[in-house]
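Visitor: below: sequence and its predicted model.
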Amino acid sequence: MTTLWDTTGTDVVKALAAERRAAGALAFGLALTLVAVVDEKNVSEAESAATQAASAHPCRLLLVVRRQIDAPHPRLDAEVSIGGRLGPGEAVVMRMSGRLALHAESVVLPLLAPDAPVVTWWHDGPPTRIAYDPLGVFADRRVTDVTQAPDPLSALNQRAADFAPGDTDLAWTRLSPWRTLLAAAFDAASDHPTAATINAGRANPSAQLFAGWLRNRLGVPVTVEETASTPAITSVTVKFGSDRLAITRTDTHSATISRSGYPDRVLPLVDGGLGDLLAEELRRLDDDVTYAEALGTWSSLPNLASRSEHREHVWRDPMQHTPAPVPVGSVAGASAAPSTASTPTASADRTANAASSGGPARGPARGPGTAGSAGRPKAGGSA
């Protein structure tokens, strides 16, 4: 493991290349790059989840910790390891302070694994618009978690308004056990359903997505009834005329399936931890059309999956009280590699250099950076 204090992006690239040479065969076979954006208070939880996910999907983990954006001087501290405390893969933990934190892409882009998909995961409140964050614009898939927001349902509505193919949310991933059980129970059903009811805690975004999925798939009215006993989903009931099919959670590990005319059955219904949820999302790197349909049905915004996969990076300075977003180029989503011309790379590189020398930051870019060649940069030329 190599620890770099008050360093530059160039030194981080060199340190990773040195670690890879020392690790030998351990450094090969990367399936993707996982960029995790996290607040300082959630670093430990994010590291644990990413380590668990990386054990199932060999990846290069780039953990971006944005801290003290209003600090007078930019600073970058980094920890580079292969086969260390963050699992058997490659990992770089970067803590960015000052104006450098607004241009994290200037450090992250050269560290991306060559010719590998990029997944960006926000383990804090999801961004208002993903286009505000270059770390999301250049990613092939983008994973948010609306349960981290103060108002989860409002955040879920915003995810629908801001949706582009490649987006997903862990509130949807948490539904996988429920959807699996219900789909299996329908294998023996011959009648057409007439209505469905979901019981869940107040403002549960997973329950709302569950309702959107059922309305989209069954074409029947779905009611979400709030329960005060627990915030989680407790049951789902589907009516077939006078008959009914119900799945009711009995404990944290199982649920009972009840159906008219059949004996009850108890089957596993296990809620996965954060690492399990992240690992499940890393299993697929294509667009999640089913999620788009469920989100669109719930939010009454149809054809989300047909939207353009391209996002345009919009520069917004969070330190300004009245930000005026200015488009600074466009970047392809899932099918194209990122372009260095779409992000304020030149200004951010100057900021990183200022961080290493202790000099003042030169301020944020206000327009397009220096045009670079299209395509994803290779990590230090030797990665």
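Guide: Nice, thanks for sending it over.
Visitor: when you work out contacts or count neighbours from here on, use the C-alpha atoms and nothing else.
Guide: Noted.
Visitor: leaving out the residues flanking it, which one is nearest to the spatially most central residue of the chain?
Guide: Geometric centre of the chain, nearest residue: residue 143, 1.7 Å, by C-alpha atoms, centre = their mean. Sequence neighbours aside, residue 121 is the residue nearest to residue 143 in space, at 4.6 Å (criterion: C-alpha to C-alpha, 6 or more residues apart in numbering).
Visitor: so what strands line up beside the strand or helix carrying that neighbour?
Guide: Assessed by DSSP states H and E, residue 121 sits inside strand 118-123. When sheet partners are counted by DSSP bridges, strand 118-123 sits next to strand 32-38 (parallel), strand 141-144 (parallel).
Visitor: on that earlier part again, from residue 165, how far out is the residue nearest to the centre of the chain?
Guide: Per C-alpha to C-alpha, to the nearest Å, residue 143 is found 12 Å from residue 165.
Visitor: try residue 243
Guide: Distance of residue 243 to residue 165, computed by C-alpha to C-alpha: 38 Å.
Visitor: now do residue 110
Guide: Relative to residue 165, residue 110 is positioned 25 Å away (C-alpha to C-alpha).
Visitor: circling back to that earlier point, residue contacts, the residue nearest to the centre of the chain?
Guide: If you count contacts by C-alpha atoms under 8 Å, 6 or more residues apart in numbering, residue 143 has them with 119, 120, 121, 122, 167, 168, 169, 170, 281.
Visitor: among those residues, which one has the most neighbours?
Guide: residue 167 (29 neighbours; other C-alpha atoms under 10 Å).
Visitor: tell me the mean pLDDT for stretch 134-145?
Guide: Averaging pLDDT along stretch 134-145 yields 95.
Visitor: now do the same end-to-end measure for that stretch.
Guide: Across its full length, stretch 134-145 reaches 18 Å end to end, with C-alpha to C-alpha as the criterion.
Visitor: residue 297 against residue 214, yeah?
Guide: No: the criterion here is C-alpha atoms under 8 Å, and residue 297 misses it with residue 214 at 9.3 Å.
Visitor: show me what contacts the residue nearest to residue 143?
Guide: 34, 35, 36, 37, 142, 143, 144 are the contacts of residue 121 under C-alpha under 8 Å, 6+ apart.
Visitor: let's have the residues you listed in JSON lines, adding distance to residue 103.
Guide: Below are these laid out as JSON lines (distance: C-alpha to C-alpha, whole Å):
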{"residue": "34", "distance to residue 103": "18"}
{"residue": "35", "distance to residue 103": "14"}
{"residue": "36", "distance to residue 103": "15"}
{"residue": "37", "distance to residue 103": "13"}
{"residue": "142", "distance to residue 103": "18"}
{"residue": "143", "distance to residue 103": "20"}
{"residue": "144", "distance to residue 103": "20"}
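Visitor: what mean pLDDT does stretch 228-241 have?
Guide: According to the model, stretch 228-241 has a mean pLDDT of 89.
Visitor: would you mark the buried spots in that stretch?
Guide: By neighbour count on 16 or more other C-alpha atoms under 10 Å, the buried set for stretch 228-241 is 232, 233, 234, 235, 236, 237, 238, 239, 240.
Visitor: now do stretch 66-74
Guide: Buried residues in stretch 66-74, defined by neighbour count with 16+ other C-alpha under 10 Å: 66, 67, 68, 69, 73, 74.
Visitor: name the nearest residue to the last one, sequence neighbours excluded.
Guide: Distances taken as C-alpha to C-alpha, 6+ apart place residue 98 nearest to residue 74, at 4.2 Å, with adjacent residues excluded.
Visitor: who's in contact with that neighbour?
Guide: Taking C-alpha under 8 Å, 6+ apart, one finds 67, 68, 69, 70, 71, 72, 73, 74, 75 in contact with residue 98.
Visitor: return the subset of those residues lying in helices.
Guide: If you go by DSSP state H, the contacts of residue 98 have nothing in helices.
Visitor: which of these sits closest to residue 274?
Guide: Of all the contacts of residue 98, residue 274 sits closest to residue 67, with 22.8 Å by C-alpha to C-alpha.
Visitor: how near is the residue lying closest to the closest one once chain neighbours are set aside to residue 66?
Guide: In this structure, residue 67 finds its nearest non-sequential neighbour in residue 97, 5.1 Å apart by C-alpha to C-alpha, 6+ apart. Plainly put, residue 97 is 6 Å away from residue 66 if you go by C-alpha to C-alpha.
Visitor: how about residue 210?
Guide: For residue 210 relative to residue 66 (C-alpha to C-alpha), the value is 33 Å.
Visitor: give me the number of residues near the nearest residue to residue 132 once chain neighbours are set aside?
Guide: Once flanking residues are discounted, residue 132 sits nearest to residue 314: 5.2 Å by C-alpha to C-alpha, 6+ apart. With neighbours defined by other C-alpha under 10 Å, the count for residue 314 comes to 23.
Visitor: which residues touch residue 2?
Guide: By C-alpha under 8 Å, 6+ apart, the contact set of residue 2 is 15, 19, 79, 80, 81.
Visitor: and these as CSV, adding secondary structure?
Guide: Formatted as CSV, the contacts of residue 2 follow (DSSP: H, G, I helix; E, B strand; the rest coil):
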residue, secondary structure
15, helix
19, helix
79, strand
80, strand
81, strand
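Visitor: farthest-apart pair in those, please.
Guide: Longest span within the contacts of residue 2, C-alpha to C-alpha: 19 and 79, 11.2 Å.
Visitor: so what sits against both of these two?
Guide: Shared contacts of residue 19 and residue 79, counting by C-alpha under 8 Å, 6+ apart, come down to 1, 2.
Visitor: about what we covered before: so residue 243 and residue 165 - more neighbours on which side?
Guide: In terms of neighbours (other C-alpha under 10 Å), residue 165 is the more surrounded of residue 243 and residue 165; the figures are 23 against 12.
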